[in-house]
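> what's the 3D shape of this:
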Amino acid sequence: MGVIHKIGRRKTAVARVYVSEGTGVITVNKKAFETYFPTATLQYKVLQPMSMTENVTNFDVKVNVYGGGSTGQAEAVRMALARVMCEVNAENRAILKPEGLLTRDPRMVERKKFGQKKARKRFQFSKR
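Next up, the predicted model:
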């Protein structure tokens, strides 16, 4: 099989995933998966495409992720792993596509505008 390389993005986070056949070891930025994503919800998000296709213990995963926060990084890794699972077996696409794991989430932070406090919030208006 060799090594499969895919990229996933979410907000400003970018995840590069390298998957090879193995025993199910997941490494994120040279750390153990459980220490990099300590909460159960983040771990669930990362493992979601592999558990849906029943490949949790079949592959070794090496991840380089940067940018954004912890949730954005976890969802970027999830997207990259979903893309890998589709390349491993084309039938996995029918499982992952209805869950929205292959769709790039286009929402980004809105920029702050000139003359305003934040992107939408304005300075307080006073009539005096």
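> would you list the phi and psi of T41?
For T41, the backbone dihedrals are phi -70, psi -40 (criterion: degrees, to the nearest 10).
> for it, give its distance to A13.
Noted for T41: a distance of 16 Å to A13, by Cβ to Cβ, to the nearest Å. The way it works is simple: take the backbone N, C-alpha and C, and place the C-beta from them, glycine included.
> over to N92?
N92 sits 23 Å away from A13, taking Cβ to Cβ as the criterion.
> likewise K121?
25 Å.
> list the helices and strands the lengthiest helix in the chain packs on?
Secondary structure of the chain per DSSP state H: the longest helix is helix 70-88. Contacts defined by 3 or more Cβ pairs under 8 Å, 6 or more residues apart in numbering; DSSP states H and E place helix 70-88 against strand 4-10, strand 13-21, helix 40-52, strand 59-66, helix 92-96.
> in the last one, what counts as buried?
Within helix 92-96, the residues that count as buried by 16 or more other Cβ atoms under 10 Å are N92, R93, I95, L96.
> what helices or strands is that helix leaning on?
Using 3+ Cβ pairs under 8 Å, 6+ apart: helix 92-96 touches helix 40-52, helix 70-88.
> how about residues contacting the first one?
What it means is helix 40-52. 26, 33-34, 37, 56, 59, 70-71, 74-75, 77-78, 81-82, 84-85, 95-96, 99, 101 (Cβ atoms under 8 Å, 6 or more residues apart in numbering).
> enumerate every residue touching the spatially most central residue of the chain.
The central residue of the chain, meaning the one whose C-alpha is nearest the mean C-alpha position (Cα atoms, centre = their mean), is A76 at 1.8 Å. By Cβ under 8 Å, 6+ apart, the contact set of A76 is G8, R9, R10, A13, V14, A15, V65, G68.
> since that was my last question, I'll sign off now.
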